[in-house]
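**Student:** Sequence and predicted structure below; questions after.
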Amino acid sequence: MRASVLYTILILCLFACDAERPNPDNFLEYTHPEFEYVNAKPLSDLNYEIKNGSFGDFHSLIILRNDKIIFENYYAGYKRSDLHPIGESTQSIVSALTGAMLYENESINLDTTIINFFPDYANFFKDIPQKDQIEIRHLMSNTSGFWWKESDQPFGSNDNDAYLMSKSADWVAKVLSTSMIQEPGTVFNLNSGHAVLMAPIMENLTGMDLEAFAKEKLFDPLMITNWEWERIPGDYVNATWGLQLRPIDFAKIAYLYLKKGVWDDHEIFDEMWLLRSTRYRERGSGFYGYGFFWWRFSEIADVVESLKQNDVFFSWGSGGQFLFVVPHLNLVVVMTAGNYSNSETMAFAILKEYIFPAISDRFQ
């Protein structure tokens, strides 16, 4: 009895949110980090540093290890019940839905050119070399060849095409009217407009509104009951940065990928899609690359230098919305924040300096 009480106190001291006690919430059970070969001291130190502002405007941190929740906490007044914008991580949800679509209909091919999905915008393809060669896979890998300025321009600047898109009366037209600069499939260029085009394409292929498809094929199986999904002109969901989820439900997406697309014996997408969508396809910089709406660390990234194997893939939303999946460690790390400047520096530092070193069996 005494051991059981001490165990409960340890759990509540480490994970307990300031405003509420944790509940399994129809997801995984909670356990103490030490039981899953994770040293509790670095996590306690990290919790202290987050609370004291060392990592900016930080909102939540959830860690899953060996099919258990070993850490969950909320900051800056946030609670588990609160929805949180996940930014461009919305695109990783779209990637999961693409996998579900392909699993349901094997006749769909990502090599299909996109021109036939947009008959009302045919004039944007007319007499423009190579634009009619853009395929669905080029959208998902950010290699369409569009002349698009985004990652090197601050959002809010008239030189930022994503910002101009967000202010336009027709987001689809803004993307499709863009000039070409490269042959499709040759050069990576981050473009939020790619995911915008995925909503009408997927609705055409599935015959369903994308949000309805998400509810049926992803949210309902994962017992995600609370979300908000912004709509854009044309009444499509904002498939590039418009989804809000509770962080604990955000964690379910990462856990689904850790489990290779299977949830409670229900296969949502197959393992082949996991491998296709998360493998290192395109070089985004010297430190990370890109798959199909998922990121990977390169071999020279110092974040992963302490790991026996670099199999980390992650979802990355502006402001600090991250899902990190580390299959060989059976590990998921979820972060949400409001850090709209250098959010990746803070998130990567948390992994490198606190979480990865805390895993005592990481070299076994």
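**Tutor:** That came in fine, so what should we check first?
**Student:** Quick check: end-to-end length of stretch 302-320?
**Tutor:** Stretch 302-320 has its terminal residues 19 Å apart, counting by C-alpha to C-alpha, to the nearest Å.
**Student:** buried ones in it?
**Tutor:** By neighbour count on 16 or more other C-beta atoms under 10 Å, the buried set for stretch 302-320 is 303-304, 307, 310, 312-320. C-beta here means a position set from N, CA and C on the backbone, and glycine is covered the same way.
**Student:** Repeat that for stretch 224-241.
**Tutor:** Applying 16+ other C-beta under 10 Å to stretch 224-241 flags 224, 227, 229, 232, 236, 237, 238, 239, 240, 241 as buried.
**Student:** My read is that the fourth one contacts residue 200, right?
**Tutor:** No: counting by C-beta atoms under 8 Å, no contact exists between residue 232 and residue 200, whose distance comes to 10.5 Å.
**Student:** For the one residue sitting closest to the centre of the chain, which three-state class applies?
**Tutor:** Central residue of the chain (C-alpha atoms, centre = their mean): residue 315, 2.9 Å from the mean position. Put simply, residue 315 is strand when judged by DSSP: H, G, I helix; E, B strand; the rest coil.
**Student:** thought it was touching residue 322?
**Tutor:** Yes: contact criterion C-beta under 8 Å: residue 315 and residue 322 qualify, at 6.6 Å.
**Student:** what sits in contact with each of these two?
**Tutor:** Listed as contacting both residue 315 and residue 322 by C-beta atoms under 8 Å, 6 or more residues apart in numbering are residue 89.
**Student:** Name the nearest residue to residue 340, ignoring sequence neighbours.
**Tutor:** The shortest distance from residue 340 to any non-neighbouring residue, by C-beta to C-beta, 6 or more residues apart in numbering, is to residue 319 (5.0 Å).
**Student:** Let me see the contact set for the closest residue to residue 146 other than its chain neighbours.
**Tutor:** With C-beta to C-beta, 6+ apart as the criterion, residue 146 has its nearest non-adjacent residue at 4.4 Å, and that residue is residue 178. Contact partners of residue 178, counting by C-beta under 8 Å, 6+ apart, are 146, 147, 148, 161, 193.
**Student:** Quick check: pLDDT value at residue 178.
**Tutor:** Among the per-residue scores, residue 178 shows a pLDDT of 97.
**Student:** same thing with residue 140?
**Tutor:** 98.
**Student:** Check the spacing between the closest residue in space to it that isn't next to it in sequence and residue 137 real quick.
**Tutor:** Excluding the flanking residues, the one nearest residue 140 by C-beta to C-beta, 6+ apart is residue 292, at 4.0 Å. Between residue 292 and residue 137 the distance is 7 Å, computed by C-beta to C-beta, to the nearest Å.
**Student:** neighbour count winner among those two?
**Tutor:** residue 292 (24 against 19; other C-beta atoms under 10 Å).
**Student:** how much space between that one and residue 279?
**Tutor:** Residue 292 is 9 Å from residue 279, by C-beta to C-beta.
**Student:** Could you do residue 331 as well?
**Tutor:** Counting by C-beta to C-beta, the gap from residue 331 to residue 279 is 19 Å.
**Student:** now swap in residue 77 and tell me
**Tutor:** Taking C-beta to C-beta, one finds residue 77 at 39 Å from residue 279.
**Student:** Compare the two (neighbour count), which wins?
**Tutor:** residue 279 (14 against 9).
**Student:** The more buried one is in contact with residue 295, isn't it?
**Tutor:** No: assessed by C-beta under 8 Å, residue 279 is found out of contact with residue 295, at 11.3 Å.
**Student:** quick check, residue 168 in a strand?
**Tutor:** No: the assignment for residue 168 by three-state DSSP gives coil, which leaves it out of any strand.
**Student:** how about the nearest residue to residue 228, chain neighbours excluded?
**Tutor:** In space, and not counting its chain neighbours, residue 228 is closest to residue 244: 4.4 Å by C-beta to C-beta, 6+ apart.
**Student:** any idea of the mean pLDDT in the strand or helix carrying the one you found?
**Tutor:** Assigned by DSSP states H and E, residue 244 belongs to strand 243-245. In this model, strand 243-245 has a mean pLDDT of 98.
**Student:** next helix or strand past that strand?
**Tutor:** Following strand 243-245 in sequence, per DSSP H and E, is helix 247-258.
**Student:** what residues does that following helix touch?
**Tutor:** Contacts for helix 247-258 (C-beta under 8 Å, 6+ apart): 25, 27-28, 59-60, 62, 64, 72, 74, 80, 84, 86, 89, 92-93, 96, 222-224, 226-227, 262-263, 268, 274, 278, 313, 315, 321, 323-325, 327, 330-332, 334, 336.
**Student:** Ok, stretch 265-272 next?
**Tutor:** 96, 99, 100, 102, 103, 217, 218, 221, 256, 260, 261, 262.
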